[in-house]
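Colleague: Sequence plus the predicted model coming up.
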Amino acid sequence: MFIVLEGIDGAGKSTQARLLAEWFEDRGYEVVLTKEPTDTPFGKLIRRLVLTGGREGIIDGAKISHEAEALLFAADRAEHVDKLIRPSLDAGKVVISDRYFYSSLAYQWARGLDLEWLIDLNRFAVKPDIVFLLDLPVKESMNRIRSRKVKSEFDKIFELQRKVRENYLKLAEMFPEMKIINAMEDVETVHNQIIALIETLLGEK
Ligand code: TYD
């Protein structure tokens, strides 16, 4: 089973990914917990060229063209799919990824790139069984990650996150595998909502 968590920065993806991995492990499944951008040389290149500020998300990406940015994320993903995701799924493991190509659609579309081009570019990416979109208002996410941000960039970041959230919600209408989860709830409640959907999916398999 291939599971993806998506959402704007500060939505709680990594916490929920960890809890979900533990849930599967407790039930005897072999789990691969992974993320994008990856920790491979490709991911490191992205961190250096696009995410130079460390915790500031993609706001610094103006240093390279938006197209180059999208291609770098896609290259990182191609390696991720080829070297880790596909082999792990073939070996019968549960793969949980903190971000996947939906991030490219939401963020690079917010940069002004053409959505159809982005979808084509990511056509190679194996489809997940389910994608949890952890949705919350940008104001709340900004409060959660305030400490990660540079103050002078606040307005720019806010505007970008607002567009990204809107894009995610539009994508959820286009991709039936995407399930919207209210990320305003506490960690436990969000986890339980995710588990309920996973149990339904396991029942169908
Ligand atoms: P993030 O999940 O914050 O990674 P980390 O916590 O390891 O630094 O992701 C970094 C940023 O990259 C985030 O703002 C979203 C952005 N991003 C894209 O713009 N496109 C993509 O395809 C991916 C995977 C991430």
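Modeller: Cool, the structure landed. Everything numeric in this text was worked out from a predicted model, so none of it was measured. Residues are numbered from 1 along each chain as shown.

Colleague: Give the residue spans of this protein that score low on pLDDT.
Modeller: 52-63, 147-154 (pLDDT under 70).

Colleague: for it, longest helix please?
Modeller: helix 154-174 (DSSP state H).

Colleague: in that helix, what's buried?
Modeller: For helix 154-174, the neighbour count (16 or more other CB atoms under 10 Å) marks Ile157, Leu160, Gln161, Arg162, Lys163, Val164, Arg165, Asn167, Tyr168, Leu171, Ala172 as buried. The C-beta positions use only the backbone N, C-alpha and C, and glycine is treated the same way.

Colleague: next one: stretch 74-88
Modeller: Applying a neighbour-count criterion of 16+ other CB under 10 Å, the buried positions in stretch 74-88 are Ala74, Asp76, Arg77, His80, Val81, Leu84, Ile85, Ser88.

Colleague: among the residues you listed, which are within reach of the ligand?
Modeller: Among the buried residues of stretch 74-88, not one lies near the ligand by CB under 6 Å from any ligand atom.

Colleague: between these, which is nearest Ile46?
Modeller: Closest approach to Ile46 among the buried residues of stretch 74-88 (CB to CB): Asp76, at 5.9 Å.

Colleague: Does the closest residue to the closest one other than its chain neighbours lie in a helix or a strand, and which?
Modeller: Distances taken as CB to CB, 6 or more residues apart in numbering put Phe42 closest to Asp76, at 3.9 Å, once the chain neighbours are dropped. Here Phe42 sits within helix 41-49, counting by DSSP states H and E.

Colleague: What are the contacting residues of that helix?
Modeller: For helix 41-49, the external contacting residues (CB atoms under 8 Å, 6 or more residues apart in numbering) are Glu36, Pro37, Gly61, Lys63, Ile64, Glu69, Leu72, Phe73, Ala75, Asp76, Glu79.

Colleague: and this structure, which residues reach the ligand?
Modeller: Within the chain, the positions near the ligand by CB under 6 Å from any ligand atom are Asp9, Glu36, Pro37, Leu51, Gly57, Ile58, Phe73, Arg99, Ser103, Ser104, Tyr107, Gln108.
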